[in-house]
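A.B. asks: Give me coordinates for this.
(chains A, B, C and D)
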There are 2 protein chains.
Amino acid sequence: MSDLAAALKVVGARWALLIVEQLLEGPKRYGDLQRELGVPTNMLATRLRELEEAGVLVRLPLRHNTRAYELTDRGRALREAIVALGRWGADER
Amino acid sequence: MSDLAAALKVVGARWALLIVEQLLEGPKRYGDLQRELGVPTNMLATRLRELEEAGVLVRLPLRHNTRAYELTDRGRALREAIVALGRWGADER
DNA sequence: CATCGCACTTGCATTTTGCAAGTGTGGCGG
DNA sequence: CCGCCACACTTGCAAAATGCAAGTGCGATG
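C.D. replies: Have a look, this model is predicted:
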């Protein structure tokens, strides 16, 4: 399996890269991600769990039943790829 | 919709980026892609159609019922993003 | 003129994604 | 103390995407 295939195993699922893109701006809460991305709530929950297991992000508890999601170093390392893809997408007109 | 989301609309489907990665090496035939990627044949046919419609690649006829798939400039412009993602995936160990 | 390789298509099972409604928990006003 | 609210999910089910296996069409080749 190529390196690209390995990457896509982790961030190739729908919404995954979009979630990471949002978190590049800084830690955010579940509801923020939901509102900003318009992602279905069960998908968001599933992706956050997978991305946490993959070491891309961590949950950090704020107050009682509020927590924030923050990228790890590994997650932040996706910036270059996300920027490159974003630039390519911007030329889509 | 963000630039990233626009990009993922085109190359976010399963196998799409892997197909483009293969074609970065040069034009290839259907059977080559199938063997090298292990992609199901109906998915390959679907993706190639979509990527052609999106202007990422073109079919070029060789002999009777053989043709090659070749990236357009727009397709080749994905190299940077693919390399970046590949590098990230390579650190996956 | 039967057979082969190549590029697909088709039918159906499985998996993933999406929608809508419900659950649990702690804080807060009365 | 009690009902209500915000937040972060979970659950049940429908729809769409993906995968598997077998079949199709069509020139070249023997």
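
A.B. asks: Excluding covalently adjacent residues, which one is nearest to the residue most central in space within chain A?
C.D. replies: In chain A, the centroid-proximal residue (C-alpha atoms, centre = their mean) is A:Val20; its distance is 2.4 Å. What sits nearest to A:Val20 in space, not counting adjacent residues and going by C-beta to C-beta, 6 or more residues apart in numbering or on different chains, is A:Leu78, at 5.3 Å. The C-beta positions use only the backbone N, C-alpha and C, and glycine is treated the same way.

A.B. asks: what are the phi and psi angles of the one you found?
C.D. replies: The phi and psi torsions at A:Leu78 (degrees, to the nearest 10) take the values phi -80, psi -10.

A.B. asks: pLDDT score assigned to it?
C.D. replies: Per-residue pLDDT puts A:Leu78 at 98.

A.B. asks: ok, it to DNA strand D distance?
C.D. replies: Applying C-beta to the nearest atom of the strand, to the nearest Å, the value for A:Leu78 to DNA strand D is 20 Å.

A.B. asks: A:Gly12 now?
C.D. replies: Following C-beta to the nearest atom of the strand, the distance that separates A:Gly12 from DNA strand D is 9 Å.

A.B. asks: Name the nearest residue to that residue, ignoring sequence neighbours.
C.D. replies: Nearest one to A:Gly12, counting by C-beta to C-beta, 6+ apart, is B:Arg14 at 7.1 Å.

A.B. asks: give me the number of residues near the one you found?
C.D. replies: 14 (other C-beta atoms under 10 Å in any protein chain shown).

A.B. asks: Chain A: strands as residue ranges?
C.D. replies: Ranges of strands in chain A, per DSSP state E, are A:28-29, A:57-61, A:67-71.
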